[in-house]
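[1] sequence unknown, structure follows:
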């Protein structure tokens, strides 16, 4: 299971998919705001979008939610408690101050995949 979570029970998008042991792949997560309280999470694997889901906050704004949440890779952070740890190796992490377009996601994949024998 791969996914992006704002918290453990709401505002998450996941994709159930078998991930073979010893395989390298690129995952990209983006969030595009429609309004201050609505937006869409997208998950890309190896440069291609595999799922997306729209979300509407019941309170607050996405800007506030993004400021108060810190990125976590390889586990879930629920109010400072980490769980669901994964045995993964991470090749690189890129963080942008805006959502990438599908073309930019694919360009990143195409330009880095040879670093991992793909």
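    That came through, no problem. Keep in mind that this is a model prediction, so the values were computed, not measured. Numbers count the residues shown, from 1 in each chain.

[2] Can you get me a residue count around residue 29?
    17 (other CB atoms under 10 Å). Every C-beta, even on glycine, is put in place using the N, C-alpha and C of the backbone.

[3] Centre of the chain to the helix or strand it falls within, how far?
    In the assignment (DSSP states H and E), residue 29 maps to strand 27-33. Centroid separation for strand 27-33 versus its chain: 6 Å, with CA atoms, centre = their mean, to the nearest Å.

[4] Equivalent analysis for stretch 105-118, please.
    So, by CA atoms, centre = their mean, the centroid of stretch 105-118 is 17 Å from its chain's centroid.

[5] Okay, buried residues for it please.
    Neighbour counts over stretch 105-118 (16 or more other CB atoms under 10 Å) mark 105-106, 108-109 as buried.

[6] what pairs with the residue most central in space within the chain across the strands?
    Centroid check for the chain by CA atoms, centre = their mean gives residue 29 as the closest residue, at 2.9 Å. Residue 29 forms beta bridges with residue 43, as assigned by DSSP bridges.
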